[in-house]
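Visitor: 3D, please:
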Amino acid sequence: MIWLWVLAAYGCGSIPFGLLIARAATGSDVRAAGSGNIGATNVARVAGKPAAIATLVLDALKGLLPVLVAARSAGGPSLLAPACALAAVVGHCFPIWLGFRGGKGVATGLGVSLALVPAAAVAGGLTWIVLYKAFRISSIGSLAGVAVALGVAAFTADRVAALGLVGVSLIIVLRHQGNIRRLLARRES
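Guide: A predicted model of the protein is given here:
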(Lines give C-alpha, C1' and ligand atoms only; values in the text may rest on other atoms or scores of the structure.)
Protein backbone atom coordinates (compact mmCIF):
# COMPACT_ATOMS: atom_id res chain seq x y z
CA MET A 1 0.00 0.00 0.00
CA ILE A 2 2.80 2.46 0.85
CA TRP A 3 4.19 2.13 -2.69
CA LEU A 4 0.93 3.38 -4.18
CA TRP A 5 1.11 6.46 -1.97
CA VAL A 6 4.76 7.02 -2.88
CA LEU A 7 4.03 6.59 -6.57
CA ALA A 8 1.16 9.08 -6.35
CA ALA A 9 3.39 11.59 -4.53
CA TYR A 10 6.08 11.15 -7.19
CA GLY A 11 3.44 11.77 -9.86
CA CYS A 12 2.32 14.99 -8.16
CA GLY A 13 5.91 16.13 -7.75
CA SER A 14 6.72 15.42 -11.37
CA ILE A 15 4.19 17.88 -12.82
CA PRO A 16 6.49 20.44 -14.55
CA PHE A 17 4.61 23.60 -13.61
CA GLY A 18 7.56 25.86 -14.47
CA LEU A 19 7.74 24.49 -17.98
CA LEU A 20 3.97 24.72 -18.46
CA ILE A 21 3.67 28.24 -17.05
CA ALA A 22 6.63 29.64 -18.98
CA ARG A 23 5.33 28.06 -22.18
CA ALA A 24 1.86 29.55 -21.58
CA ALA A 25 3.31 32.99 -20.76
CA THR A 26 5.94 33.27 -23.49
CA GLY A 27 5.55 30.32 -25.84
CA SER A 28 9.14 29.33 -25.09
CA ASP A 29 10.73 26.36 -23.35
CA VAL A 30 12.23 27.46 -20.03
CA ARG A 31 14.81 24.67 -20.35
CA ALA A 32 16.35 26.40 -23.38
CA ALA A 33 17.24 29.60 -21.52
CA GLY A 34 19.02 30.77 -18.40
CA SER A 35 20.07 27.86 -16.23
CA GLY A 36 17.84 25.44 -18.14
CA ASN A 37 16.05 24.67 -14.89
CA ILE A 38 12.25 24.34 -14.62
CA GLY A 39 12.09 26.04 -11.21
CA ALA A 40 10.79 29.45 -10.21
CA THR A 41 14.17 31.24 -10.38
CA ASN A 42 14.71 30.35 -14.03
CA VAL A 43 11.05 30.96 -14.84
CA ALA A 44 11.55 34.49 -13.48
CA ARG A 45 14.43 35.00 -15.92
CA VAL A 46 12.47 33.64 -18.87
CA ALA A 47 8.86 34.62 -18.23
CA GLY A 48 8.89 37.29 -15.52
CA LYS A 49 7.91 37.68 -11.90
CA PRO A 50 4.18 36.74 -12.09
CA ALA A 51 5.04 33.47 -13.85
CA ALA A 52 7.75 32.78 -11.26
CA ILE A 53 5.35 33.39 -8.38
CA ALA A 54 2.78 31.04 -9.94
CA THR A 55 5.51 28.42 -10.40
CA LEU A 56 6.68 28.80 -6.81
CA VAL A 57 3.16 28.43 -5.41
CA LEU A 58 2.24 25.45 -7.59
CA ASP A 59 5.59 23.72 -7.01
CA ALA A 60 5.10 24.14 -3.24
CA LEU A 61 1.51 22.86 -3.44
CA LYS A 62 2.55 19.74 -5.35
CA GLY A 63 4.75 18.90 -2.37
CA LEU A 64 2.35 20.01 0.35
CA LEU A 65 -0.82 18.27 -0.80
CA PRO A 66 0.33 14.64 -1.11
CA VAL A 67 2.17 14.84 2.20
CA LEU A 68 -0.84 16.36 3.98
CA VAL A 69 -3.15 13.70 2.57
CA ALA A 70 -0.71 10.95 3.58
CA ALA A 71 -0.28 12.41 7.07
CA ARG A 72 -4.05 12.48 7.57
CA SER A 73 -4.73 8.99 6.23
CA ALA A 74 -6.16 6.69 8.84
CA GLY A 75 -4.06 3.68 9.68
CA GLY A 76 -1.05 4.67 7.58
CA PRO A 77 2.44 3.88 8.86
CA SER A 78 4.36 6.69 10.55
CA LEU A 79 6.83 6.72 7.65
CA LEU A 80 4.10 7.36 5.06
CA ALA A 81 4.19 11.17 5.12
CA PRO A 82 8.03 11.42 5.06
CA ALA A 83 8.17 8.81 2.27
CA CYS A 84 5.67 10.85 0.26
CA ALA A 85 7.71 13.99 0.96
CA LEU A 86 10.81 12.37 -0.49
CA ALA A 87 8.86 11.05 -3.46
CA ALA A 88 7.35 14.44 -4.29
CA VAL A 89 10.77 16.13 -4.25
CA VAL A 90 12.32 13.31 -6.28
CA GLY A 91 9.43 13.72 -8.75
CA HIS A 92 10.20 17.41 -9.14
CA CYS A 93 13.94 16.88 -9.51
CA PHE A 94 13.68 13.81 -11.74
CA PRO A 95 10.34 13.92 -13.60
CA ILE A 96 9.71 11.00 -15.91
CA TRP A 97 7.98 13.37 -18.38
CA LEU A 98 11.16 15.38 -18.93
CA GLY A 99 13.70 12.59 -19.19
CA PHE A 100 14.42 12.81 -15.44
CA ARG A 101 15.79 16.38 -15.81
CA GLY A 102 13.84 18.67 -13.51
CA GLY A 103 14.37 21.37 -10.94
CA LYS A 104 16.37 21.63 -7.76
CA GLY A 105 13.53 20.90 -5.37
CA VAL A 106 13.51 24.08 -3.29
CA ALA A 107 9.86 25.13 -3.72
CA THR A 108 8.61 21.54 -3.57
CA GLY A 109 10.82 21.08 -0.51
CA LEU A 110 9.16 24.11 1.04
CA GLY A 111 5.76 22.52 0.43
CA VAL A 112 6.66 19.17 1.95
CA SER A 113 8.31 20.97 4.88
CA LEU A 114 5.10 22.90 5.52
CA ALA A 115 3.32 19.57 5.84
CA LEU A 116 5.99 17.80 7.91
CA VAL A 117 7.44 20.57 10.13
CA PRO A 118 5.67 23.92 9.60
CA ALA A 119 7.98 25.90 11.89
CA ALA A 120 11.02 24.66 9.98
CA ALA A 121 9.41 25.60 6.65
CA VAL A 122 8.63 29.12 7.84
CA ALA A 123 12.15 29.60 9.24
CA GLY A 124 13.73 28.27 6.03
CA GLY A 125 11.48 30.41 3.83
CA LEU A 126 12.23 33.57 5.82
CA THR A 127 15.95 32.80 5.62
CA TRP A 128 15.70 32.51 1.83
CA ILE A 129 13.88 35.85 1.58
CA VAL A 130 16.38 37.72 3.76
CA LEU A 131 19.47 36.31 2.05
CA TYR A 132 18.07 36.67 -1.45
CA LYS A 133 17.28 40.33 -0.76
CA ALA A 134 20.77 40.83 0.69
CA PHE A 135 22.80 39.04 -1.99
CA ARG A 136 20.45 38.63 -4.98
CA ILE A 137 21.69 35.03 -5.35
CA SER A 138 18.93 32.46 -5.03
CA SER A 139 21.24 29.54 -4.26
CA ILE A 140 22.63 31.28 -1.15
CA GLY A 141 19.13 31.72 0.21
CA SER A 142 18.12 28.19 -0.78
CA LEU A 143 21.08 26.46 0.84
CA ALA A 144 20.96 28.59 3.99
CA GLY A 145 17.19 28.07 4.17
CA VAL A 146 17.71 24.31 4.08
CA ALA A 147 20.26 24.54 6.91
CA VAL A 148 18.01 26.72 9.05
CA ALA A 149 15.00 24.46 8.40
CA LEU A 150 17.01 21.43 9.52
CA GLY A 151 18.13 23.25 12.66
CA VAL A 152 14.57 24.20 13.56
CA ALA A 153 13.32 20.69 12.78
CA ALA A 154 15.93 19.21 15.12
CA PHE A 155 14.24 21.03 18.01
CA THR A 156 10.57 21.04 16.97
CA ALA A 157 9.82 17.89 14.96
CA ASP A 158 9.32 14.29 15.88
CA ARG A 159 12.08 11.94 14.78
CA VAL A 160 10.27 10.53 11.73
CA ALA A 161 9.35 13.96 10.33
CA ALA A 162 12.88 15.23 10.98
CA LEU A 163 14.35 12.25 9.12
CA GLY A 164 12.07 12.94 6.18
CA LEU A 165 13.26 16.54 6.15
CA VAL A 166 16.89 15.37 6.27
CA GLY A 167 16.28 13.24 3.16
CA VAL A 168 14.61 16.13 1.32
CA SER A 169 17.45 18.44 2.32
CA LEU A 170 20.08 16.03 1.03
CA ILE A 171 18.36 15.92 -2.35
CA ILE A 172 18.23 19.72 -2.52
CA VAL A 173 21.89 20.09 -1.55
CA LEU A 174 22.95 17.45 -4.08
CA ARG A 175 20.97 19.26 -6.80
CA HIS A 176 22.90 22.43 -5.90
CA GLN A 177 26.39 20.94 -6.36
CA GLY A 178 27.17 23.18 -9.32
CA ASN A 179 25.92 26.22 -7.42
CA ILE A 180 28.08 25.31 -4.43
CA ARG A 181 31.17 25.01 -6.66
CA ARG A 182 30.42 28.40 -8.23
CA LEU A 183 29.79 29.98 -4.82
CA LEU A 184 33.13 28.70 -3.53
CA ALA A 185 34.84 30.04 -6.65
CA ARG A 186 32.88 33.33 -6.31
CA ARG A 187 31.38 32.92 -9.76
CA GLU A 188 27.73 32.37 -8.87
CA SER A 189 25.43 34.94 -10.49
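Visitor: scan the protein for its longest helix.
Guide: helix 49-71 (DSSP state H).
Visitor: give the other helices and strands that that one contacts.
Guide: Packed against helix 49-71 by the contact rule (3 or more CB pairs under 8 Å, 6 or more residues apart in numbering; DSSP states H and E) you find helix 2-13, helix 17-26, helix 40-47, helix 80-93, helix 106-116. The C-beta positions use only the backbone N, C-alpha and C, and glycine is treated the same way.
Visitor: report the inter-axis angle for it versus helix 80-93.
Guide: Angle between the axes of helix 49-71 and helix 80-93 is 150 degrees (criterion: axes from the mean of the first three to the mean of the last three CA atoms, to 10 degrees).
Visitor: who touches helix 49-71?
Guide: 5, 8-9, 12-13, 15, 17-18, 21-22, 25-26, 39-41, 43-44, 76, 80-81, 83-85, 87-89, 91-92, 103, 107-112, 114-116 (CB atoms under 8 Å, 6 or more residues apart in numbering).
Visitor: chain center to that helix, what's the gap?
Guide: Centre-to-centre, helix 49-71 and its host chain are 9 Å apart (CA atoms, centre = their mean, to the nearest Å).
Visitor: swap in stretch 25-44?
Guide: 16 Å.
Visitor: do you know the pLDDT at the residue of the chain most remote from its centre?
Guide: Distance to the chain centre peaks in the chain at Gly75, reaching 27.4 Å (criterion: CA atoms, centre = their mean). The confidence metric pLDDT takes the value 77 at Gly75.
Visitor: cool, and Ala71?
Guide: As predicted, Ala71 sits at a pLDDT of 93.
Visitor: now do Leu98
Guide: On pLDDT, Leu98 comes in at 96.
Visitor: ok, the nearest residue in space to it that is not next to it in sequence to Val106 distance?
Guide: In this structure, Leu98 finds its nearest non-sequential neighbour in Pro16, 5.8 Å apart by CB to CB, 6 or more residues apart in numbering. Distance, Pro16 to Val106, by CB to CB, to the nearest Å: 15 Å.
Visitor: who's more crowded, those two?
Guide: Ranked by neighbour count (other CB atoms under 10 Å), Pro16 and Val106 place Val106 first, with 29 against 24.
Visitor: who are the contact partners of the spatially closest residue to that one that is not a sequence neighbour?
Guide: Nearest non-adjacent residue to Val106, counting by CB to CB, 6+ apart: Ser142, 4.7 Å away. Going by CB under 8 Å, 6+ apart, Ser142 touches 104, 106, 128, 172, 176, 179.
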